[in-house]
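Asks: Fold the following for me, if possible:
(one chain, ligands or ions: 1)
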Amino acid sequence: MTVKYKFPEGFWWGSAASATQMEGAAKEDGKGLNIWDYWYEKEPTRFFDGVGPEVTSDFYHQYKEDIKLMKEIGHNSFRFSISWARLIPGGIGQVNKKAVEFYNNVINELLSNEIEPFINLFHFDMPLELQQKGGWESREVVDAYAEYSKICFELFGDRVKRWFTFNEPVVPVEGGYLYDFHYPNVVDFNRAVQVAYGTMIANAKAIKEFKALQLEDAKIGIVLNLTPSYPRSSNPADLKAANIVDLFFNRSFLDPAVRGEYPSELVEIIKREGLVPEMLEGDKQLLKENTIDFLGVNYYQPRRVKAKECMPNPAAPLMPDNFFDYYEMPGRKMNVYRGWEIYEKGIYDIAINLKENYGNIEWYISENGMGVQDEERFIVDGRVEDNYRIDFVKDHLTWLHKSIEEGCNVKGYHMWTFIDNWSWSNAYKNRYGFIQLDLKTQKRVIKKSGYWIKQVSENNGF
Ligand code: BG6
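Replies: Down below sits the predicted model:
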């Protein structure tokens, strides 16, 4: 392979995954229930083809083989999440020894294969008992999370040097409290703001615990899905709409995480609309003093917006969309299976924004990927020939490379995901992996993109 785009030395090549989406063994070895186990039991029809999270790709039992495959496709790093409900069933109290053993085994297996483990503490999977106590609306839960984070740092911090407090914390807010695609299926802007705020207090508390332990060479960050907002036009009404979207969905987490405070424009809107969350004395200082060391950015799609066309229905609940409309740009390139636009330059725009407005903080692409339905139709001689995925990655990496040449502080590129996995309400509809999973036999086969990324990783470029 001739290398046109060379990446900085030590660049992280790998992928990300999450506990609920890959572990399986949902009721084994003392794991407690989380909201996904519970919601699936209650409403299986909300999941594609009625498939729930009990088995997924069975990483709990097959981690050794999977880590071998990661090595085979050139991973030098891998992000996974700890299942809070597995480590501490019920979320508070006794640590589950079997879980400690499992996560120790995974970490040690990764390290012995020269794959650096990155650990994320929370990927959408609130222990059920803590959701019943109010989830992120409850300070008891926020404190329980801080305790859980401390336990993880103490248990695994001798070997794990890259930590994340949350993956895409805006998603449980959107899904669980606004748009009805996560449990607890609440539609309430006030409560959504409280949940978002509680999450960032939890983030700061975990960072405080982390710093107190002074783990050698270790860093802590957060993973945000920074979805750039593009206005339809330069009309001031469209610009205003795009700015509000950016405040609601990006800066509501990015600013407190990196700068330790909320943007004043956002605070004004929240006050004006009567959405101010309950805050405690000391919160402001806590946020200010406990910012992240580095950032993970998940990038899938842009958000195109325009000024609102019609007056919102006064009888309908207040929603973020009362302030803007989504805009379908003519000619946009789509991933039709997921319904997401593909816009590679978005990655570059994020990089420049972080460089210019967020102190050029150290960051990496913690997720990027393409879910495709019915991938079996691309099988030739037993292997998925996913040329579309290779093109997708190439096009994004080209823009990422350009941003590095312009001085952006990018440390790596992780794909979503290693092996086809269970996707929340979409279950196994769309396949994302470098490795194909046969759901019936649990057989794993490396796709063409897996062999391609191996070369990219070995050459540190393409
Ligand atoms: C990210 C999440 O939002 O996107 C993953 O961190 C998720 O958990 C991925 O699986 C792809 O989205 P989806 O909904 O197609 O699974």
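Asks: pLDDT weak spots in the stretch 251-400 of the chain?
Replies: Within the stretch 251-400 of the chain, no range satisfies pLDDT under 70.
Asks: The closest residue to the ligand within the stretch 301-450 of the chain: how many residues sit nearby?
Replies: With Cβ to the nearest ligand atom, the shortest gap between the stretch 301-450 of the chain and the ligand falls at residue 423, namely 3.0 Å. Placement of C-beta: from N, CA and C, glycine included. Here the number of neighbours of residue 423 (other Cβ atoms under 10 Å) works out to 21.
Asks: residues contacting it?
Replies: Applying Cβ atoms under 8 Å, 6 or more residues apart in numbering, we find residue 423 in contact with 21, 371, 429-430, 432.
Asks: distance of residue 46 from the ligand?
Replies: Using Cβ to the nearest ligand atom, to the nearest Å, one gets 13 Å for the distance from residue 46 to the ligand.
Asks: mind listing what that residue touches?
Replies: Residue 46 neighbours (Cβ under 8 Å, 6+ apart): 39-40, 425.
Asks: same check, this time on residue 152
Replies: 82, 87, 119, 121, 163.
Asks: Check it and give its pLDDT.
Replies: As predicted, residue 152 sits at a pLDDT of 98.
Asks: how close does it get to the ligand?
Replies: Counting by Cβ to the nearest ligand atom, the gap from residue 152 to the ligand is 19 Å.
Asks: just residue 154 next, same as before
Replies: Residue 154 is 26 Å from the ligand, by Cβ to the nearest ligand atom.
Asks: So for the helix or strand hosting that residue, what gets flagged as buried?
Replies: Assigned by DSSP states H and E, residue 154 falls within helix 139-156. Buried residues in helix 139-156, counted by 16 or more other Cβ atoms under 10 Å: 141-142, 144-153, 155-156.
Asks: can you pull the alpha-carbon coordinates of that helix into PDB?
Replies: Output in PDB follows, covering the C-alpha atoms of helix 139-156 (Å, rounded to 0.1, in the frame of the first residue of the first chain):
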ATOM      1  CA  ARG A 139     -28.400  13.400  43.600                       C
ATOM      2  CA  GLU A 140     -28.300  10.100  45.400                       C
ATOM      3  CA  VAL A 141     -27.700   8.500  42.000                       C
ATOM      4  CA  VAL A 142     -25.100  11.100  41.100                       C
ATOM      5  CA  ASP A 143     -23.200  10.300  44.300                       C
ATOM      6  CA  ALA A 144     -23.500   6.600  43.700                       C
ATOM      7  CA  TYR A 145     -21.900   7.100  40.300                       C
ATOM      8  CA  ALA A 146     -19.000   9.000  41.800                       C
ATOM      9  CA  GLU A 147     -18.500   6.100  44.200                       C
ATOM     10  CA  TYR A 148     -18.700   3.600  41.400                       C
ATOM     11  CA  SER A 149     -16.200   5.500  39.400                       C
ATOM     12  CA  LYS A 150     -13.800   5.600  42.300                       C
ATOM     13  CA  ILE A 151     -14.100   1.800  42.700                       C
ATOM     14  CA  CYS A 152     -13.300   1.300  39.000                       C
ATOM     15  CA  PHE A 153     -10.200   3.600  39.200                       C
ATOM     16  CA  GLU A 154      -9.000   1.700  42.200                       C
ATOM     17  CA  LEU A 155      -9.600  -1.700  40.700                       C
ATOM     18  CA  PHE A 156      -8.300  -1.200  37.200                       C
END
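Asks: State the paired neighbours of the helix or strand just after that helix in the sheet, together with their directions.
Replies: As assigned by DSSP H and E, the chain's next helix or strand after helix 139-156 is strand 162-167. Counting by DSSP bridges, the strands paired with strand 162-167 are strand 116-120 (parallel), strand 219-224 (parallel).
Asks: mind listing what's buried in the last one?
Replies: This means strand 219-224. Buried residues in strand 219-224, counted by 16+ other Cβ under 10 Å: 220-224.
Asks: can you list these in a markdown table and add distance to residue 182 and pLDDT?
Replies: A markdown table is the format used below for the buried residues of strand 219-224 (distance: Cβ to Cβ, whole Å; pLDDT from 0 to 100):
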| residue | distance to residue 182 | pLDDT |
| --- | --- | --- |
| 220 | 25 | 98 |
| 221 | 23 | 98 |
| 222 | 19 | 99 |
| 223 | 17 | 99 |
| 224 | 17 | 99 |
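Asks: quick one: which of these is nearest residue 384?
Replies: residue 223 (27.2 Å; Cβ to Cβ).
Asks: which one of the contacts of residue 423 is nearest residue 293?
Replies: For the contacts of residue 423, the nearest to residue 293 is residue 21 (26.0 Å; Cβ to Cβ).
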